[in-house]
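Colleague: structure for the following, please:
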Amino acid sequence: MTDDASVPTVTEDIKPDTGKLFVDDKKSRSDIECFVHAKYFIPKTEEHLIRPPVAPEEKTTDQKKEGKKKRPIVKIDIRDKLCNSLIDVRPGAEAPVCHYNGCKMQHDIKTWLKTKPPDAGPECYIFTNQGYCPRGVTCRFASSHLDEDGKNICNTDSIKPTKIYVLDKNDQVNLRKKQYDFKFSDEVCQKCWDLINSAAEANNPKKDKCEDEENVEPPEKKHKPLGPVSEEDLVKLRRGEKKKLDWEGKTYLAPLTTVGNLPFRRVCKGLGVDITCGEMALGLNLLQGQGSEWALTKRHESEDFFGVQVCGASPPQMARVAQLLEDKVDCDFVDINMGCPIDLIFQKGMGSGLMPRKRPLENIVRSMSTILTKPLTIKMRNGIYSDKRIAHDTFPLVERWGVSAITLHGRSKEQRYTKLADWEYIGHCQKTVNVPVFGNGDVMNYEDYNAGMEKGGVSGIMLARGALIKPWVFTEIKEQRHWDISGQERLDIVRDFCNYGLEHWGSDDKGVENTRKFLLEWLSFTHRYVPHGILMYPPQRINQRVPIYRGRTELEILLSSPRSEDWIKISEMFLGKVRDDFNFIPKHKANSY
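Modeller: Got it, this is the predicted structure:
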């Protein structure tokens, strides 16, 4: 429908207040809907109702798995793969001999090349930029760097070594065998318990000693100090002065599970973000030496202000994690996750479940801040329940225990992402401490950013969903303008993500599919962006429902599609065709828009 007369007129009483970021719970129609100009508006009909693809149900006797949807997994038969010894053979060199007697992979390069699928593109990004592609003949863009015999061409004398794993193999084996030396962190954790217990006994001499037994160390490890004991007497001093970081006026990309991967952080870094942080890593998985978890701590050279976020519930466990991060990980700060609302995390006392657990929280913060020479930060929410906020009480405590900066998401665990963030409460909490405070919630443009800085009085603002929907929001904030970005410019950003993904995960079959998977997860957010130039009442707000609309160009229409089939088409522009049986089910299903 393009006829202006056929579109209902928006009356004055429902026009949005353009300067109002913080609205009441009783929203007007304009507060929850995003209006576009009449010539772009399409009335919603039955054909526009988008339902997510449902994975085929499999009968099972296990009642716990009944009704759950299974995400598609790409499996490659090992007999269809080329032996690893033949992947990277230089021109003029003889093909090496495979010394593994039971190898089931193929060993004839020319025969294997005949069965290899067509290249996903004419040019290999890694070879073009580095002069060498380590994936060799298995690269899905290999035609640009293979000779007639299938040998891998190298156009550089100085191959830049890439560190694939953050953790060395020997350390990984020691962690798995529980042979890693954690004597220092165990000693610090124990002394912190002594300090906490002695202070509790001094304040409450008649307190029941059986209370909170799970948090008290075994009796044989206790030592009873005489008289008042200071922290300096019990806890070893730091091995060095903490690194000083400038937090003021910075934009901060939130640690986003799944979608906050290294290629996406590189995209945001190129668009102007100041601080980046890795995805949430579980402390227990790090201590077990799981490679997939340690991959979350990897840093790109462009990330000049980078942090690692960890999650855990046990003080001894988190103290050991702090020792590992101090010794093995290159980062500028370490963040404790106290805001994750996922029930699986919350029920184990981690994430937002750690907020009300004062004794374990005190030991975790004291131990980690003592062990780390890097600043220790915390990200948390208002509280567990909407009507019972606890952040204003927690802020002064964690500051006294050793936290260098705090981020507050202006919602409770119970709210998840519903309603709007409470920036007045963020401003109230900010006044209770002297350390830098970052606010988080509902920022999607520079006007939201300015309003949050003014209302919250914070040192900076962390962006999460706003950065996923429109990563160029960091450019808008830096330049203090609304960017009416074109469809081609948006597609160029998608291309950059694909190139960074191929460089990070690899350009072979597995790397391409990994890149595609994470790209599709990201596109499940980006389609919610409405071009600034077609908005009736700009700017777009993060919780406004997006109408069915017609873009200004065919490319804009494709990028705004909420259908996963169209997201797959976008991925095929850069990563090649998908299999006929390929389907995509988004991993993230927020309980609000």
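
Colleague: so Val334, which state does it fall into?
Modeller: Following DSSP: H, G, I helix; E, B strand; the rest coil, we place Val334 in the strand state.

Colleague: now stretch 524-532: mean pLDDT?
Modeller: Per-region confidence: stretch 524-532 scores 95 on mean pLDDT.

Colleague: restricting to C-alpha, output it in PDB.
Modeller: Extracted C-alpha coordinates of stretch 524-532, given in PDB (Å, rounded to 0.1, in the frame of the first residue of the first chain):
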ATOM      1  CA  SER A 524      18.700 -12.300  13.500                       C
ATOM      2  CA  PHE A 525      19.200  -9.000  15.300                       C
ATOM      3  CA  THR A 526      20.300  -6.600  12.500                       C
ATOM      4  CA  HIS A 527      17.000  -7.000  10.600                       C
ATOM      5  CA  ARG A 528      15.300  -5.000  13.300                       C
ATOM      6  CA  TYR A 529      17.000  -1.800  12.200                       C
ATOM      7  CA  VAL A 530      14.700   0.600  10.400                       C
ATOM      8  CA  PRO A 531      16.500   3.000   8.000                       C
ATOM      9  CA  HIS A 532      16.600   6.500   9.600                       C
END
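
Colleague: tell me which element the spatially most central residue of the chain is part of?
Modeller: With distances taken as CA atoms, centre = their mean, Leu256 lies nearest the centre of the chain, 2.2 Å away. Secondary structure from DSSP states H and E places Leu256 outside every helix and strand.

Colleague: report pLDDT for it.
Modeller: If you check Leu256, the pLDDT there is 93.

Colleague: go on, Ile73?
Modeller: Reading off the per-residue confidence, Ile73 sits at a pLDDT of 62.

Colleague: now do the same end-to-end measure for stretch 348-367.
Modeller: According to CA to CA, to the nearest Å, stretch 348-367 extends 20 Å from its N-terminal end residue to its C-terminal end residue.

Colleague: can you start the count at 575 instead of 1 from here on
Modeller: Okay, using 575 as the starting number, the last item reads as stretch 922-941.

Colleague: okay, buried residues for it please.
Modeller: By neighbour count, and taking 16 or more other CB atoms under 10 Å as the criterion, the buried residues in stretch 922-941 are 922-929, 931-941. (C-beta placed from N, C-alpha, C; glycine too.)

Colleague: what's the answer for stretch 949-960, then?
Modeller: Buried residues in stretch 949-960, defined by neighbour count with 16+ other CB under 10 Å: 949-958.

Colleague: what is the end-to-end distance of that stretch?
Modeller: Start-to-end span of stretch 949-960 (CA to CA) is 30 Å.

Colleague: would you map the strands across the stretch 975-1124 of the chain?
Modeller: In chain order, the stretch 975-1124 of the chain shows strands spanning 979-983, 1011-1014, 1034-1037, with DSSP state E, counting those that start in this stretch as the criterion.

Colleague: how many neighbours does Glu875 have?
Modeller: If you count neighbours by other CB atoms under 10 Å, Glu875 ends up with 6.

Colleague: kindly state the pLDDT recorded for it?
Modeller: Glu875 carries a pLDDT score of 94 in this model.

Colleague: helix/strand/coil for it?
Modeller: At Glu875, secondary structure determined by three-state DSSP is coil.

Colleague: what residues does it make contact with?
Modeller: For Glu875, no residue counts as a contact, taking CB atoms under 8 Å, 6 or more residues apart in numbering as the criterion.

Colleague: for the closest residue to the residue nearest to the centre of the chain other than its chain neighbours, give me the pLDDT.
Modeller: For Leu830, the nearest residue in space outside its immediate sequence neighbours is Ala1038; the separation is 6.1 Å by CB to CB, 6 or more residues apart in numbering. Reported pLDDT at Ala1038 in the predicted model: 96.

Colleague: run a quick neighbour tally on Ala1038.
Modeller: When neighbours are defined as other CB under 10 Å, Ala1038 has 21 of them.

Colleague: would you mind measuring from it to Lys816?
Modeller: As defined by CB to CB, to the nearest Å, Ala1038 lies at a distance of 27 Å from Lys816.

Colleague: give me the number of residues near His874?
Modeller: For His874, the tally of surrounding residues (other CB under 10 Å) stands at 16.

Colleague: low-scoring stretches of this protein, by residue?
Modeller: For the chain, the stretches flagged by pLDDT under 70 are 575-605, 620-649, 732, 734-739, 779-815, 1163-1167.

Colleague: quick one: secondary structure of Gln883?
Modeller: Taking three-state DSSP as the rule, one finds Gln883 in the strand state.

Colleague: measure the residue nearest to Leu830 to Trp1057 for me?
Modeller: If you measure Ala1038 against Trp1057 using CB to CB, the figure is 19 Å.

Colleague: cool, and Gly1015?
Modeller: The spacing between Gly1015 and Trp1057, counted by CB to CB, is 22 Å.

Colleague: so those two - more neighbours on which side?
Modeller: When neighbours are counted by other CB under 10 Å, Gly1015 and Trp1057 differ, and Gly1015 comes out ahead with 29 against 16.

Colleague: contacting residues for the more buried one?
Modeller: Applying CB under 8 Å, 6+ apart, the residues contacting Gly1015 are 983-985, 994-997, 1000, 1026.

Colleague: show me where the stretch 975-1124 of the chain has its helices.
Modeller: For the stretch 975-1124 of the chain, the helices defined by DSSP state H, counting those that start in this stretch cover 997-1004, 1020-1030, 1039-1043, 1047-1053, 1061-1079, 1083-1100.

Colleague: got a list of contacts for the third one?
Modeller: I take that to be helix 1039-1043. Under the criterion CB under 8 Å, 6+ apart, external residues in contact with helix 1039-1043 comprise 827-828, 830, 833, 842, 847, 991, 1016-1019, 1022, 1047-1048, 1096, 1099-1100, 1102-1103, 1116.

Colleague: chain center to that helix, what's the gap?
Modeller: 11 Å (CA atoms, centre = their mean, to the nearest Å).

Colleague: just stretch 1138-1146 next, same as before
Modeller: Going by CA atoms, centre = their mean, where stretch 1138-1146 is centred and where its chain is centred differ by 22 Å.

Colleague: buried sites along it?
Modeller: Along stretch 1138-1146, these residues count as buried under the neighbour rule (16+ other CB under 10 Å): 1138, 1140-1142, 1144-1145.

Colleague: which single one of these is nearest to Ser759?
Modeller: Minimum separation from Ser759 among the buried residues of stretch 1138-1146 (CB to CB) is found for Ser1145, which lies at 43.5 Å.

Colleague: nearest residue to that closest one in space, please, no chain neighbours.
Modeller: Taking CB to CB, 6+ apart, and ignoring the residues beside it in sequence, Ser1145 has Arg1090 as its nearest neighbour in space, at 4.9 Å.

Colleague: and the strands in the stretch 775-924 of the chain?
Modeller: 825-827, 850-851, 855-856, 880-885, 907-912.

Colleague: just put those in JSON lines and tack on mean neighbour count.
Modeller: Conversion of the strands of the stretch 775-924 of the chain to JSON lines gives the following (neighbours: other CB atoms under 10 Å):
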{"stretch": "strand 825-827", "mean neighbour count": "24"}
{"stretch": "strand 850-851", "mean neighbour count": "26"}
{"stretch": "strand 855-856", "mean neighbour count": "22"}
{"stretch": "strand 880-885", "mean neighbour count": "25"}
{"stretch": "strand 907-912", "mean neighbour count": "24"}
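
Colleague: dump those strands into CSV; add distance to Arg709 as well.
Modeller: Written out in CSV, the entries for these read as follows (distance: least, CB to CB, whole Å):
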stretch, distance to Arg709
strand 825-827, 29
strand 850-851, 26
strand 855-856, 27
strand 880-885, 26
strand 907-912, 33
